[in-house]
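Asker: Below is the sequence, then the predicted model.
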2 protein chains.
Amino acid sequence: LSEIRIIPIEGVPDVLAGDDVALLIVDAAGDGTLLDGDVLVVTQKVVSKAEGRILPLDDKSAAIEAESKRVLRVGRTGMAISETHHGFVCANAGVDESNIEGDNIALLPVDPDASARRIRARIKHLATVDVGVVISDTFGRAWRLGQTDVAIGVAGIHPFVDHVGGVDVYGKELVATRIAIADELAGAAEMVMGKAERICAAIVRGAPAVPGPGAAVQIVRPAQDDLFR
Amino acid sequence: LSEIRIIPIEGVPDVLAGDDVALLIVDAAGDGTLLDGDVLVVTQKVVSKAEGRILPLDDKSAAIEAESKRVLRVGRTGMAISETHHGFVCANAGVDESNIEGDNIALLPVDPDASARRIRARIKHLATVDVGVVISDTFGRAWRLGQTDVAIGVAGIHPFVDHVGGVDVYGKELVATRIAIADELAGAAEMVMGKAERICAAIVRGAPAVPGPGAAVQIVRPAQDDLFR
């Protein structure tokens, strides 16, 4: 039975600028917890903290403007739906103030795929395991209420599982089925993290992610193909 | 350690019009497999088959038109992004031809929330367990490439986990964090289903879904609040 397990990593301490997130996670997980082929999902917030992407709350408007390549829409509450410089479309260009000490805001990492690659390399060094890494953030969606976690950084796995060209159980060719598994991994991990607990990392074990080079920017739909940008 | 398990249910036979999907799933899962508090995720395709929502491929264009309340956009390949009568926004109003015998297409269930409630009630009767039910389908997204599974039917759980009004680890009030857990459950379950295998149902055990009455139509963003409709 090929079941999947989603295992929260408890006990990661508060992350501060300059901290080695991979080391804190490996220490909290304990020896032998991470296994080859696991996908480690880490929340954007701790990565941003470690990378010093924190500003005073007073700078929020300026930060949203600076983090936005352009603004797609502004809602009635003043919240902007922005495209970030990475190409992600999200509220306030990913700038937010939850789960940060004091009157501060966090910005997205400058290059979350690079952050994911660094964490993956560091874990390989520290724990001698080959894991995929997904950096997750909580995004709203067009047409659907509520938010889900999606991947803003990926390393060590393909962000998609591709059924294009495969056949279904009746032997018919499957067209246009390309699962964004990095996003499903992020969403699955969110379920063990909650928002009010100090869980910033989770292991997903047994998922059908394909090992190899991959990046979250591959998930960004090119503007010229985007019917809703 | 509050981990989550995602368990595929193998051995469900081909589903035909009039079949009792809940019975087929309970039989395949085996006695004692489903537990109180589990969420059972069932793919739309088998629910549509059981409900006879199958038409000849020749009727595809007419079916897409009939299933669409309106068309938001038409892509270069001719694929319509439609709003269904339920309010879901998806490709071709959810009409598709994968994993169906012969030259046929499947339409979405007429009322997937009612389908979910029927499956839930039937499982309660057959297996004496109180489970949440999510009916999942594979949808594309604005701005992001690839598809993920989302909930089109829900029963026995709230579709959201609401952090609005809660506080984060620093005691600050969390605003605007409402996780669409029904969608995360559907996406998580997709990872054990694949597309080319005969897995049409999975158990998610340990997820923080809140038991109670709930429906997938609650996830539909009202048109008047929707900046991208």
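Answerer: Looks like it came in fine. Numbers count the residues shown, from 1 in each chain, chains lettered A, B, ... in the order given.
Asker: correct me, but A:Thr84 touches A:Arg70?
Answerer: No: using CB atoms under 8 Å, A:Thr84 makes no contact with A:Arg70, being 9.7 Å away. Glycine gets a C-beta too; all of them are placed from N, C-alpha and C.
Asker: Which one of these two is surrounded by more residues?
Answerer: A:Thr84 (21 against 12; other CB atoms under 10 Å in any protein chain shown).
Asker: Nearest residue to the middle of chain A?
Answerer: In chain A, the centroid-proximal residue (CA atoms, centre = their mean) is A:Ser136; its distance is 1.9 Å.
Asker: And the pLDDT for that one?
Answerer: With respect to pLDDT, A:Ser136 has a value of 98.
Asker: bridging residues for it?
Answerer: Bridge pairing for A:Ser136 (DSSP bridges) gives the partners A:Thr43, A:Ala151.
Asker: From the structure, what's the count of residues near A:Asp38?
Answerer: Other residues close to A:Asp38 by other CB under 10 Å number 23.
Asker: mind checking how far stretch A:188-196 is from the chain centre?
Answerer: 12 Å (CA atoms, centre = their mean, to the nearest Å).
Asker: From B:Val129, how far out is A:Lys36?
Answerer: You called it Lys, but residue A:36 is Asp. Using CB to CB, to the nearest Å, one obtains 36 Å as the distance from A:Asp36 to B:Val129.
Asker: Which residue of these two possesses the greater neighbour count?
Answerer: B:Val129 (17 against 10).
Asker: For the more buried one, pull up the helix or strand it's in.
Answerer: Assigned by DSSP states H and E, B:Val129 belongs to no helix or strand.
Asker: quick one: contacts for it?
Answerer: Listed by CB atoms under 8 Å, 6 or more residues apart in numbering or on different chains, the contact set of B:Val129 reads B:Leu34, B:Leu35, B:Asp36, B:Asp38, B:Ile123.
Asker: A:Phe160: which of these is nearest?
Answerer: B:Asp38 (28.8 Å; CB to CB).
Asker: which helix is the longest one in chain A?
Answerer: Looking across chain A with DSSP state H, the single longest helix is helix A:112-127.
Asker: which of the residues in that one are buried?
Answerer: Residues of helix A:112-127 classed as buried by neighbour count (16 or more other CB atoms under 10 Å in any protein chain shown): A:Pro112, A:Asp113, A:Ser115, A:Ala116, A:Arg117, A:Arg118, A:Ile119, A:Arg120, A:Arg122, A:Ile123, A:Ala127.
Asker: next one: stretch A:8-15
Answerer: Buried-residue list, stretch A:8-15, by 16+ other CB under 10 Å: A:Pro8, A:Ile9, A:Glu10, A:Val12, A:Val15.
Asker: Could you list which of these belong to strands?
Answerer: A:Pro8 (DSSP state E).
Asker: So what touches the helix or strand of chain A with the lowest mean pLDDT?
Answerer: One helix or strand of chain A scores below all others by mean pLDDT, DSSP states H and E: strand A:161-162, with a mean of 90. With CB under 8 Å, 6+ apart as the test, strand A:161-162 has contacts from A:Arg178, A:Ile179, A:Ile181, A:Pro208, A:Ala209, A:Val210.
Asker: of those residues, list those near chain B.
Answerer: With CB under 8 Å from any CB of the partner chain as the criterion, the contacts of strand A:161-162 include A:Arg178, A:Ile179, A:Ile181, A:Pro208 near chain B.
Asker: For PyMOL, what selects the buried ones among those residues?
Answerer: For the buried members of those, the matching PyMOL selection, counting by 16+ other CB under 10 Å, is:
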select buried, chain A and resi 178+179+181
